[in-house]
Every structure is written in C-alpha cells, then in structure tokens.
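Visitor: Dropping the sequence and predicted coords here.
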Amino acid sequence: MDEDIIEDELSDGELDDTELPDGWDEGITDDGKVFYVCHLTRETQWSHPKTNRMRVLSKTLPQGWVKMEDGSFYDEVRKAGSTVDPRLLRAPKEADYIGFRERVTDDGSTVRMLKSTFKPTDTADDVLSGVKLDGKVAIVTGANSGLGYEVARSLAQHGTHVIMACRCLHKGHVARKRIIDEMPGCFVDVMEVDLASFQSIRLFVEDFKHKKLALHMLVCNAAVMGLAYQQTIDGIEAHFAVNYLSNFLLVKLLLPLMLESAPCRVVLVTSEAHWYPYLSSDTPPASVEALHPSAQDYWPTCAYNSSKLCLLLFMQELSTRHGSQGVFCNAVHPGNLLSTALGRHSLLLRLLQAMSWPFGRSPAQGAAVIAYCAAALDLEHVGGYYFVEHRIGSPSKLAKDQQLSSDLWEFSERLVAGLKSTSRK
Ligand SMILES: NC(=O)c1ccc[n+]([C@@H]2O[C@H](COP(=O)([O-])OP(=O)(O)OC[C@H]3O[C@@H](n4cnc5c(N)ncnc54)[C@H](OP(=O)(O)O)[C@@H]3O)[C@@H](O)[C@H]2O)c1
C-alpha cells in the first residue's frame with residue numbers, strides 16, 4: 001500500500017499509455033475493458049505494463065464499424081478494414097481511465113492518485129449514478145438499518161441482487177419491503193445471521209451456497225458499540241466478535257465462492273476511532289492478545305475502537321493473501337456521528353448524535369463511500385486502501401503493522417476453529 005496518496009486530476013498532456021514495451025500487445029473485451037498480453041510469459045493483465053493504469057472503453061464499436069466473422073473489423077463508411085479493434089485505434093482520453101494513476105513528482109518520487117472523487121454531500125445513489133449492476137450479487141450485513149440499509153437499497157436500485165444479512169428476520173423484511181415499495185421488481189432477499197455466533201454464520205453461508213449464486217460484493221457493515229463487557233456464545237468479547245471476527249469467518253467460509261466469482265470486492269466498514277484502541281497511549285505492546293479485550297480494564301469505547309483496528313489489519317492481510325487472486329478488499333470510515341441506531345447502547349453517543357444531527361451528514365451520505373468501494377467502476381481491481389468518507393486516508397501506524405496483521409490472521413484462524421481458549425476474564 002502506498003502512503004503517499006493524494007487526490008488529483010491529471011491533465012491530458014500527462015497521459016502516456018500509447019507505447020507498450022517489447023513483447024506486449026493490447027486487446028479489448030466485448031464489454032470494453034482493455035487488457036495487456038505479454039507474449040514472452042503468456043500472461044494477461046488489466047493494467048498497462050508501464051503505467052499501471054486501467055482503461056475501460058465503449059462497449060460498442062464506433063458508428064459504421066462491424067466485426068467480421070474472421071474476427072477482423074470493417075468500416076462500412078470508409079470501406080476499409082482493420083485487424084485491430086477500432087476502439088483501440090484512437091488515442092487514449094482522460095475519461096477512459098479507471099482507478100488510480102501514478103505520477104512522478106519533481107523530487108522523483110512516485111505518487112498514486114485516485115482518478116475521480118465524489119463530494120462529501122453525495123449519497124450512495126449519487127456515487128452509483130449511471131453504474132449498471134445487473135447480474136451482480138452482493139451480501140450486505142446489518143442491512144436492516146442505518147448505513148447498511150442505504151447501501152442495500154442503492155445497490156438493489158442499480159440492478160444488484162442484494163442479500164440483506166440481518167440478525168432479526170422481521171426487521172429485515174420490513175426494510176426489504178421499503179426497498180421493494182420504492183422500486184418494485186428489484187432483487188432483494190433477506191437472510192438471517194447472528195454475527196455473535198459462529199454457528200449462525202456457518203448456517204448462513206450454507207444457506208447462501210444453496211442459492212447457487214455467485215458473489216461479487218461482500219459488505220461487512222454490521223456492528224455494535226458501547227456494550228458492557230459480555231462474551232458471545234463462543235466465549236469471545238462481543239465487540240471483537242461481532243465487529244471483526246464474524247467478518248473474518250464470513251470471508252473464510254465464502255472465499256472459495258469469491259475466488260470462483262472473481263473479481264469480488266470486500267468492503268469492511270471501519271472507523272476513524274481505530275486510532276484509539278487503548279485506554280492510554282503507553283498501553284500498547286502491539287500484540288493480538290491486546291486487541292481482544294479482557295474483562296480487566298474494560299472500556300466499551302476502546303473495545304469498539306480496537307475491533308475497528310482489527311478490520312484494518314484484516315484488510316491488509318486479506319489484500320496480501322488474496323488480492324492477486326481477484327478478491328479486492330478496501331476499508332472505509334463513513335463519517336462521524338451519523339444519525340443511525342449505532343448509539344443505542346451508549347448514552348454519550350446518543351447525546352452527541354442528537355447534538356450533531358442538524359449539522360451532520362445523513363446515513364445516505366455516510367453510505368456513499370461504502371457503495372463506492374463496493375461497486376464504482378473506478379475501483380475495479382483496486383484493493384488494500386482505507387477510505388475516509390470521500391477520499392483516501394492514511395490509517396494509524398498500528399493499522400499498518402504487517403506483523404500484527406499476520407499475527408491477527410493466525411490468531412483468528414485458531415479462534416474460529418475453536419482451538420484457542422478465549423476467556424480472558
Ligand atoms: N454511525 C456512525 O456515525 C458511524 C461512524 C463510523 C463507523 N460506523 C460504522 O458503520 C457501520 C454501520 O453502522 P450504523 O451507524 O448504520 O449503525 P446501525 O444502524 O446500528 O446498524 C448496525 C447494524 O448492525 C446489525 N447488527 C448488530 N449486531 C448484529 C449481530 N450480532 N448480527 C447481525 N447483525 C447485527 C444491526 O442489526 P439490529 O438492528 O438487529 O441491531 C444493524 O442492522 C458500523 O460498522 C459502524 O461501526 C458508523
């Protein structure tokens with residue numbers, strides 16, 4: 001992951017994808033994605049071998065051109081043929097590029113830039129405007145309320161078959177009805193999952209597999225906040241279990257399907273609060289044990305913050321392990337004090353939410369970055385980033401600790417396998 005990320009727009013003069021290294025060729029899929037082939041290694045990739053940028057062009061041939069049976073192309077207006085797809089004949093334009101671009105700065109360092117950004121006031125619908133998601137399948141956890149509801153609603157309205165993964169079926173069906181009433185005919189199912197129970201997660205995945213669907217987006221959104229110390233049925237502290245470990249188990253169980261359906265995007269809804277996982281700054285020895293709160297020195301806010309740190313560490317490790325196989329994971333902070341039910345267990349948070357409500361951003365605005373990471377074309381094949389509202393952010397130093405993220409993965413493997421005693425009362 002690159003720390004020196006800035007948002008910018010390149011001028012046309014800076015584009016230089018016209019030259020390919022020796023032995024490389026470019027091609028284009030029927031749906032307009034440009035790919036690059038290396039004749040020496042026989043490998044194919046989506047990004048330009050020199051500039052690393054990705055292009056998506058029109059899905060249709062320019063007017064007058066037809067594809068011949070032998071695979072060549074013919075311009076019926078000019079009465080001329082070409083073996084090259086005419087979409088590749090014109091010079092690249094700014095609008096063709098998706099994702100990130102690299103630029104060498106005056107001091108010789110390389111910075112990566114997000115091509116397009118959206119405004120803080122944009123909603124999930126705004127960022128998905130014009131995006132066609134027909135045929136895509138998404139699971140959204142905690143989809144019955146708050147940000148999860150807004151993401152599910154917007155993905156469904158743009159054509160996605162959405163599985164609303166909810167703890168309470170009744171609440172899920174009420175939320176589903178609201179979505180269907182707004183847009184009859186969209187594909188939305190409700191499925192039950194209690195993320196505080198390994199067994200429930202396993203049953204959910206089994207039931208989902210029975211549907212014989214692909215999986216293109218997994219939005220890990222559900223969370224709890226401000227709970228007094230309590231353990232789940234599996235003996236794990238509740239914030240750690242619901243906010244982090246459940247997502248680890250979901251991804252683990254769904255991974256074969258995600259790899260089959262690749263590219264698949266995983267969006268982890270974290271929080272800026274991950275910067276403050278401990279009661280005092282002198283607490284951390286950065287160890288996984290310290291990330292799983294014990295009953296001693298328990299403070300609900302730290303337990304929540306720590307679970308959000310775990311998500312960032314998970315994002316890093318998942319990207320390292322499976323990014324190259326087409327599973328692209330990003331983590332997002334959707335904003336602060338959005339008016340949702342998150343504060344139901346915390347009087348302080350409810351008060352702060354109430355005070356900030358007239359000036360704050362709406363759940364639909366908070367959901368924008370989640371929808372963006374789940375489905376925006378810009379982020380196709382892009383993973384390993386932390387988005388803070390509408391821009392790329394830098395996570396805390398602990399969140400970038402590679403040893404810690406790899407240790408957390410191993411620790412989590414043992415927990416979900418029931419191999420590790422978890423009671424740290
Ligand atoms: N709101 C903010 O200001 C803010 C800021 C930063 C980050 N976030 C993050 O944004 C995400 C969405 O939160 P929100 O603000 O939309 O809060 P919310 O309205 O309280 O939504 C949380 C969702 O999680 C579900 N959930 C909780 N425990 C569950 C369990 N054991 N199994 C299955 N589902 C469970 C809830 O279901 P029930 O309705 O059944 O309880 C609810 O649907 C969370 O990850 C949160 O940490 C929010």
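Guide: Cool, the structure landed.

Visitor: after the host helix or strand of V162 comes which helix or strand?
Guide: V162 belongs to strand 161-166 when assigned by DSSP states H and E. Counting by DSSP H and E, the next helix or strand C-terminal to strand 161-166 is helix 169-182.

Visitor: do stretch 214-226 and the ligand meet at all?
Guide: Yes. Judged by CB under 6 Å from any ligand atom, stretch 214-226 and the ligand are in contact via N221, A222, A223, V224. (Each C-beta comes from the backbone N, C-alpha and C, glycine too.)

Visitor: Helix, strand or coil: sort out the most centrally placed residue in the chain for me.
Guide: Nearest to the geometric centre of the chain sits V267, at 2.7 Å (CA atoms, centre = their mean). Assigned with DSSP: H, G, I helix; E, B strand; the rest coil, V267 falls in the strand class.

Visitor: And it, what's its pLDDT?
Guide: V267 carries a pLDDT value of 98.

Visitor: and if you look at E19?
Guide: At E19, pLDDT is 84.

Visitor: if I pick it, what's in contact with it?
Guide: Counting by CB atoms under 8 Å, 6 or more residues apart in numbering, E19 makes contact with K50.

Visitor: Next, count neighbours for whichever residue of the stretch 101-250 of the chain sits closest to the ligand.
Guide: Going by CB to the nearest ligand atom, the ligand is nearest to G146 of the stretch 101-250 of the chain, at 2.1 Å. G146 has 21 neighbours, counted by other CB atoms under 10 Å.

Visitor: got it, and the one 5 residues further on?
Guide: Here the number of neighbours of V151 (other CB under 10 Å) works out to 36.

Visitor: can you check the one 10 residues further on too?
Guide: By the measure other CB under 10 Å, the count of residues near H161 is 20.

Visitor: what's the pLDDT at it?
Guide: For H161, the pLDDT comes out at 98.

Visitor: ok, it to V137 distance?
Guide: Here the criterion is CB to CB, to the nearest Å. By it, H161 lies 5 Å from V137.

Visitor: Pull up the overlap in contacts between the two.
Guide: With CB under 8 Å, 6+ apart as the test, H161 and V137 both reach L213.

Visitor: Break down this protein into its helices, ranges please.
Guide: All helices of the chain, identified by DSSP state H, fall at 124-127, 146-157, 169-182, 198-210, 238-239, 246-261, 288-291, 300-322, 347-356, 363-375, 402-416.

Visitor: what's the third one packed up against?
Guide: This points to helix 169-182. helix 146-157, strand 161-166, strand 188-192 (3 or more CB pairs under 8 Å, 6 or more residues apart in numbering; DSSP states H and E).

Visitor: any bit of it sitting next to the ligand?
Guide: Yes. Using CB under 6 Å from any ligand atom, helix 169-182 reaches the ligand at K171.

Visitor: Please give me every residue in contact with the closest residue to E272 other than its chain neighbours.
Guide: Closest residue to E272 apart from its sequence neighbours, by CB to CB, 6 or more residues apart in numbering: H333 at 4.8 Å. H333 is in contact with T270, S271, E272, V369, Y386, F387, V388, E389, G393, counting by CB under 8 Å, 6+ apart.

Visitor: What's the local residue count around G159?
Guide: Count around G159 with other CB under 10 Å applied: 17.

Visitor: which residue packs closest to it, ignoring adjacent ones?
Guide: Sequence neighbours aside, D134 is the residue nearest to G159 in space, at 3.8 Å (criterion: CB to CB, 6+ apart).

Visitor: where does the protein dip in pLDDT?
Guide: Across the chain, the ranges flagged by pLDDT under 70 are 1-16, 52, 94-95, 98-105, 109-117, 279-286, 419-425.

Visitor: now do 50
Guide: Counting by pLDDT under 50, the chain contains low-confidence ranges at 1-14, 423-425.

Visitor: the domain parsing of it - what is it?
Guide: Here the domain assignment for the chain is 5-59+91-114, 124-416, based on automatic domain parsing.

Visitor: Mean neighbour count, these: which tops it?
Guide: Of these, the one with the most neighbours on average (mean count of other CB atoms under 10 Å) is domain 124-416, at a mean of 20.

Visitor: re earlier: could you dump the helices and strands packed on helix 169-182 into CSV with distance to L312 added?
Guide: Listed next are the helices and strands packed on helix 169-182 as CSV, based on distance: least, CB to CB, whole Å:
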stretch, distance to L312
helix 146-157, 18
strand 161-166, 22
strand 188-192, 27
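
Visitor: which one of the ones you listed lies closest to R178?
Guide: Among the helices and strands packed on helix 169-182, the nearest to R178 by CB to CB is helix 146-157 (7.7 Å).

Visitor: Export only the CA atoms of that closest one, formatted as PDB.
Guide: Provided in PDB are the C-alpha atoms of helix 146-157 (Å, rounded to 0.1, in the frame of the first residue of the first chain):
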ATOM      1  CA  GLY A 146     -28.600   2.800   9.100                       C
ATOM      2  CA  LEU A 147     -25.800   2.700   6.600                       C
ATOM      3  CA  GLY A 148     -26.300  -0.900   5.700                       C
ATOM      4  CA  TYR A 149     -29.900  -0.200   4.700                       C
ATOM      5  CA  GLU A 150     -28.800   2.700   2.500                       C
ATOM      6  CA  VAL A 151     -26.100   0.600   0.800                       C
ATOM      7  CA  ALA A 152     -28.500  -2.400   0.200                       C
ATOM      8  CA  ARG A 153     -31.200   0.000  -1.200                       C
ATOM      9  CA  SER A 154     -28.800   1.700  -3.600                       C
ATOM     10  CA  LEU A 155     -27.100  -1.400  -4.800                       C
ATOM     11  CA  ALA A 156     -30.500  -3.000  -5.400                       C
ATOM     12  CA  GLN A 157     -31.800   0.000  -7.300                       C
END
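
Visitor: quick one: that helix to strand 161-166, angle?
Guide: Between helix 146-157 and strand 161-166, the angle comes out at 160 degrees (axes from the mean of the first three to the mean of the last three CA atoms, to 10 degrees).

Visitor: What lies in contact with helix 146-157?
Guide: Helix 146-157 has contacts (CB under 8 Å, 6+ apart) with 123-125, 128, 133, 136, 138, 140-143, 162, 164, 175, 178-179, 182-183, 186-188, 217, 219, 221-222, 269, 334, 338, 340-342, 363-364, 366-367, 370-371, 374-375.
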